[in-house]
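Asker: no sequence for this one, just the structure:
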């Protein structure tokens, strides 16, 4: 009997949970014979890994130490994990492969190495890490809805195997609107917005979060604004009337509770919002490498939402109109359904499994296409 | 690779054995290692505070004892090793946190000692948190006297050089 295939998913610690979530999305869709383990530098891994066995390695940033002290630690711990688990494939998701990951080929040549490399990099940035692409057997590219606006260095390379955009959940995994509001203890029948902008207290109108909350409340008087709990915790005051706190993981399971999703245009939340046909107001936060402003611009150009600039009253008004106007929301939701190509997590995992089973890189496109075709038949 | 990077790499390779030898003599936390909210980085010994299963539930109690001990003499930097995934309150308090993984408790302790060149491991069981004074004493008692004389001077010099490296 052939031993079970084993895949080690390794994620860096980005500014959110995107890298880890993409990997878990893939791991959840592994074949029954595949054993999946997660090693992550994200402290959210106990929550995000779900049923997958995991290991947490604090990042250099978490510890406050320099890379030259941290790299040997990762090298040792990653090596220990590889020797203990003996995976056939290691998949790294992060914007910059750590030295310990890049050197895996020399240390463990039998382990096939995949870089899950999200596209949409800010123009001109990232040349150094792109040179590390050749240290991997395969570069897998999670799909990007806003690809036509991608002017980053990965856009013209052609060295990656693209899959459709990856989201943790599929539409059938979501609760319907009524059940989701009940589960989150929200009022039924009133315009409801989820606001997940990071920094600031919601009562501080000098922050983006404060501007958005006050703008929506001013222009849509009966609105129910929902903030994720950490945003509430940063404020000394209790949430006032019309401002509610929500806490759930994954929050995307409850996305249908919200008529409008106001969020940074990071890969995961952006693609989830479109995948689950929610009207969105996307803030293009200036991230280190992720080109969020172009993603937000794409959303407005394609009619799936608003390119939100919280400091500009006109863009706040557009977001409020989208929330209050049922017809505008229905139009945005329709555009989302039209533009969403389907979740690429299963085809990405199938490609990884095939690589682990000995498939040549040149055969992997056919593996992806077969999974995609089977999924299309299932839908039909 | 730029000339500066090459020089830094050479300096780093020369420095590493010195740092390792100093760590064996006791102390030598990685420069910059988080020491708890409000505490400045310092070249003091690292103590692994191993929270046995259940002890992590009283995060306020554990943090109060650890913070009190740390402030009593500024003689050590704690690294918290948890058996259960309740990382958030300890990370919020600004401490370095490790989690026992699938390799097991003994291996995780060994790895934490190695990573941080820790001088001691102090185990904290759930009932220890009920008598915080004793826990503070145990934490302070686990730290050997700081090295003095030439060793301390060499360590200060090594840390000064290391701050210039990436």
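Answerer: Sure, I can see it. These numbers were taken from a predicted model, which means no experiment stands behind them.
Asker: In chain B, where's the longest helix?
Answerer: helix B:3-24 (DSSP state H).
Asker: Tell me the first helix or strand C-terminal of that one.
Answerer: strand B:45-51 (DSSP states H and E).
Asker: what packs against that next one?
Answerer: If contacts are counted by 3 or more CB pairs under 8 Å, 6 or more residues apart in numbering or on different chains; DSSP states H and E, strand B:45-51 sits against helix B:59-73, strand B:76-82, helix B:105-116, strand B:120-124. Where you see a C-beta, it was placed from the backbone N, CA and C, and this is true even at glycine.
Asker: tell me which residues in stretch A:131-147 are buried?
Answerer: In terms of neighbour count (16 or more other CB atoms under 10 Å in any protein chain shown), stretch A:131-147 has its buried residues at A:132-133, A:136-146.
Asker: Out of those residues, name the ones that lie in strands.
Answerer: Cross-referencing the buried residues of stretch A:131-147 against strands under DSSP state E gives A:138, A:139, A:140, A:141.
Asker: gap between residue B:119 and residue B:44?
Answerer: 10 Å (CB to CB, to the nearest Å).
Asker: Would you mind finding the most buried of the helices and strands packed on strand B:45-51?
Answerer: Compared across the helices and strands packed on strand B:45-51, strand B:76-82 shows the largest average neighbour count, a mean of 26 (mean count of other CB atoms under 10 Å in any protein chain shown).
Asker: Just checking: what are the partner strands of that one?
Answerer: Using DSSP bridges, strand B:76-82 pairs in its sheet with strand B:45-51 (parallel), strand B:96-99 (parallel).
Asker: on that earlier part again, intersect the ones in strands among the buried residues of stretch A:131-147 with the contacts of chain B.
Answerer: Among these, not one lies near chain B by CB under 8 Å from any CB of the partner chain.
Asker: Just the closest of these to chain B, please.
Answerer: residue A:139 (23.6 Å; CB to the nearest CB).
Asker: residue contacts, the closest one?
Answerer: Counting by CB atoms under 8 Å, 6 or more residues apart in numbering or on different chains, residue A:139 makes contact with A:114, A:115, A:117, A:133, A:159, A:160, A:161.
Asker: from those, which is closest to residue A:352?
Answerer: Using CB to CB, residue A:114 is the member of those that lies nearest residue A:352, at 5.9 Å.
Asker: Can you tell me the closest non-neighbouring residue to the closest residue to chain B within the stretch 251-380 of chain A?
Answerer: Nearest residue of the stretch 251-380 of chain A to chain B, counting by CB to the nearest CB: residue A:251, 16.7 Å away. Once flanking residues are discounted, residue A:251 sits nearest to residue A:228: 6.9 Å by CB to CB, 6 or more residues apart in numbering or on different chains.
Asker: Touching, that neighbour and residue A:249? I think so.
Answerer: No: under the criterion of CB atoms under 8 Å, residue A:228 makes no contact with residue A:249, lying 10.0 Å away.
Asker: neighbour count winner among the two?
Answerer: Legend: neighbour count by other CB atoms under 10 Å in any protein chain shown for residue A:228 and residue A:249, higher for residue A:228 (18 against 13).
Asker: Wasn't residue B:103 part of a helix?
Answerer: No: assessed with DSSP: H, G, I helix; E, B strand; the rest coil, residue B:103 is coil; it does not lie in a helix.
Asker: got the phi/psi numbers for it?
Answerer: phi -80, psi -10 (degrees, to the nearest 10).
Asker: quick one: it from residue A:103, how far?
Answerer: 21 Å.
Asker: what's the next secondary structure element after the longest helix seen in chain A?
Answerer: What stands out as the longest helix in chain A, according to DSSP H, is helix A:67-85. Later in the chain than helix A:67-85, the nearest helix or strand by DSSP H and E is strand A:89-93.
Asker: Now do that next one against helix A:67-85, angle only.
Answerer: Per axes from the mean of the first three to the mean of the last three CA atoms, to 10 degrees, the angle that strand A:89-93 makes with helix A:67-85 is 150 degrees.
Asker: Strand A:89-93 packs against which elements?
Answerer: For strand A:89-93, the packing partners by 3+ CB pairs under 8 Å, 6+ apart are strand A:5-11, helix A:18-27, strand A:112-116, helix A:345-356.
Asker: between it and helix A:18-27, how many degrees?
Answerer: Using the same axes, to 10 degrees: strand A:89-93 against helix A:18-27 is 140 degrees.
Asker: Partner strands of strand A:89-93, with direction?
Answerer: strand A:5-11 (parallel), strand A:112-116 (parallel).
Asker: Quick one: work out the angle between the longest one and helix A:345-356.
Answerer: In terms of direction (the same axes, to 10 degrees), strand A:5-11 departs from helix A:345-356 by 120 degrees.
Asker: got the contact list for strand A:5-11?
Answerer: Residues contacting strand A:5-11 (CB under 8 Å, 6+ apart): A:19-20, A:22-24, A:26-27, A:30-31, A:33-42, A:45, A:52, A:78, A:81-82, A:85-94, A:101, A:111, A:352-353, A:356-357.
Asker: Thanks a lot, see you next time.
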